[in-house]
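**Student:** here's a sequence, model it:
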Amino acid sequence: MWKPTLEEIERLYEQHAKHLEATHWGKFLALAPDGRFIVGDDDVEVVEEALRQFGQGNFVLRKVSVFYTDIVRHFPNRTVSHHYPYIEVNWRIWNIERQDWAYADTGFEGAEKA
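**Tutor:** Below is the predicted model of the structure:
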């Protein structure tokens, strides 16, 4: 699994994707370590295509021209929690890494009564 530093990601972006700023400003970009990339308006579609083409953990997701970087390392098909309505999440920003509980609000307000 590829684990680049932020400096490596920015260098890769500068080498292979910076030219996209003129025509794809603000769009989502999946960038593989070999310089291949996928660009699109929908982050989910870009991630799904990148998973197909590059494989899990083998690309970074960011926006063209916007300093927004997230390395997709784990993309579960299903999440199970034994502490409903909370799910356990792991997150990292820069060098701060935490494990917390998030409230899962589905918006479901119950079924209509017959």
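**Student:** and residue 100, which of the three is it?
**Tutor:** With DSSP: H, G, I helix; E, B strand; the rest coil as the basis, residue 100 sits in strand.
**Student:** quick one: it and residue 89 touch, right?
**Tutor:** Yes: contact criterion Cβ atoms under 8 Å: residue 100 and residue 89 qualify, at 5.8 Å. Heads up, the C-betas are built off the backbone N, CA and C, glycines and all.
**Student:** check which element follows the lowest-mean-pLDDT helix or strand in the chain along the chain.
**Tutor:** When the helices and strands of the chain are scored by mean pLDDT, DSSP states H and E, strand 66-71 comes last with a mean of 56. The C-terminal neighbour of strand 66-71 among helices and strands, as given by DSSP states H and E, is strand 86-93.
**Student:** ok, residue 37 - contacts?
**Tutor:** Listed by Cβ atoms under 8 Å, 6 or more residues apart in numbering, the contact set of residue 37 reads 16-17, 20, 29-31.
**Student:** beta partners of it?
**Tutor:** Residue 37 has these beta-bridge partners by DSSP bridges: residue 31.
**Student:** including neighbour count and pLDDT, could the contacts of residue 37 go into JSON lines?
**Tutor:** Converted to JSON lines, these look like this (neighbours: other Cβ atoms under 10 Å; pLDDT from 0 to 100):
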{"residue": "16", "neighbour count": "17", "pLDDT": "96"}
{"residue": "17", "neighbour count": "19", "pLDDT": "94"}
{"residue": "20", "neighbour count": "16", "pLDDT": "95"}
{"residue": "29", "neighbour count": "26", "pLDDT": "94"}
{"residue": "30", "neighbour count": "25", "pLDDT": "94"}
{"residue": "31", "neighbour count": "25", "pLDDT": "95"}
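**Student:** ok, of the residues you listed, which one's closest to residue 81?
**Tutor:** Of all these, residue 30 has the smallest distance to residue 81: 28.4 Å, by Cβ to Cβ.
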